[in-house]
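Visitor: next one to model:
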Amino acid sequence: MEDPIAGFDVESAIANLGREALRLGAIPSLGCDPSDLYDVSFRHIVLHGLPHEVASFDPREIGAGPRYRPAERCPNSPCRLGGVCFALHELLQYKRETGSRRSQAIIATMNAAYELWRLLREQILKCGPLVRELDETSRELHEWEQEHGALGMLHNHQLTCILPREALKHSVEVLRVLKTLDDKLPGLIETSELSQAPVPNRRALLLTAVAQHLRWGGITHKEIAQLVPDGMREDGGERVRQRARATDARTLVPGDVAECDPVNAAAGSSYG
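Guide: Numbering: from 1, shown residues only. Below you'll find the predicted structure:
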């Protein structure tokens with residue numbers, strides 16, 4: 001069933017990639033629980049991550065501190081299992097955030113802030129000239145009242161001069177706060193697909209990221225289309241080819257393989 005946000009069958013893609021990861025030996029290599037695909041995929045992407053050290057203790061040495069040894073890393077690039085696990089984890093991360101009450105609240109607030117900012121900005125652009133016009137038309141009346149010591153005789157200064165300017169001033173401040181929310185809240189969402197503004201031309205970032213992960217793993221365009229069906233007609237893998245060559249949409253990337261990554265070689269991007 002097509003996911004309403006991602007625009008493709010996320011559940012089928014997870015099932016296909018999970019089976020492929022297990023077929024490629026994910027469980028024997030790390031002793032993972034085969035029912036926990038999140039843990040399976042996470043452990044394998046760590047093998048392609050940035051260098052880090054693992055602490056170990058010798059229980060025979062009383063009072064001894066930890067000793068550190070370099071973590072084992074997968075030397076293969078491309079790595080089919082690595083590509084599958086990166087893609088799988090990207091999908092599972094998406095599912096975790098769409099099912100998270102906190103993430104849903106952040107996304108809803110972000111979307112509401114974007115819509116309010118858009119509407120308020122439109123009205124402020126209309127309201128600004130009107131407030132200035134109202135102020136101009138009241139100026140002569142106000143000057144006459146001051147000259148003759150008859151304040152409030154010809155016009156309501158508070159209502160026509162003070163309050164409209166105050167309303168415009170506070171509206172601009174609210175607009176600034178909404179813009180800050182719109183700019184900063186997406187940074188709390190890990191999945192690029194979900195951090196996009198709710199606009200009609202929303203890009204298929206999750207589908208693109210998955211294709212790029214699998215392409216990095218050396219998987220052919222045709223295989224990728226089979227593993228991650230998008231519900232569209234067969235085109236010989238051309239859509240997948242275009243996604244793989246698009247601007248890097250991945251939120252998880254191998255830590256030190258930029259020079260031999262076909263995605264970045266095509267897109268010209270760089271990452272750590």
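Visitor: can I get stretch 13-22 in CSV, CA atoms only?
Guide: The C-alpha coordinates for stretch 13-22 follow below in CSV (Å, rounded to 0.1, in the frame of the first residue of the first chain):
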residue,chain,number,x,y,z
ALA,A,13,10.4,-1.9,0.6
ILE,A,14,11.2,-2.6,4.3
ALA,A,15,10.2,-6.3,3.9
ASN,A,16,12.2,-6.7,0.7
LEU,A,17,15.3,-5.1,2.1
GLY,A,18,15.0,-6.9,5.4
ARG,A,19,14.9,-10.3,3.5
GLU,A,20,17.8,-9.2,1.4
ALA,A,21,19.9,-8.2,4.4
LEU,A,22,19.3,-11.5,6.1
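Visitor: go through it and flag the buried ones.
Guide: For stretch 13-22, the neighbour count (16 or more other C-beta atoms under 10 Å) marks Ala13, Ile14, Asn16, Leu17, Gly18, Glu20, Ala21, Leu22 as buried. In this view, the C-beta of every residue, glycine as well, is placed from N, C-alpha and C.
Visitor: same check on stretch 236-247?
Guide: Applying 16+ other C-beta under 10 Å to stretch 236-247 flags Gly237, Arg239, Val240, Arg241, Arg243, Ala244, Arg245, Ala246 as buried.
Visitor: surely Gly217 touches Arg80?
Guide: Yes. Gly217 lies in contact with Arg80 (C-beta atoms under 8 Å); the separation is 4.8 Å.
Visitor: looking at these two, which is more packed in?
Guide: Gly217 (25 against 17; other C-beta atoms under 10 Å).
Visitor: ok, the more buried one to Arg96 distance?
Guide: According to C-beta to C-beta, to the nearest Å, Gly217 and Arg96 sit 22 Å apart.
Visitor: please apply the same query to Asp39.
Guide: For Asp39, the distance to Arg96 - C-beta to C-beta - is 12 Å.
Visitor: now Ser12, nearest residue through space, not along the chain?
Guide: Nearest residue to Ser12, sequence neighbours excluded (C-beta to C-beta, 6 or more residues apart in numbering): Pro229, at 6.3 Å.
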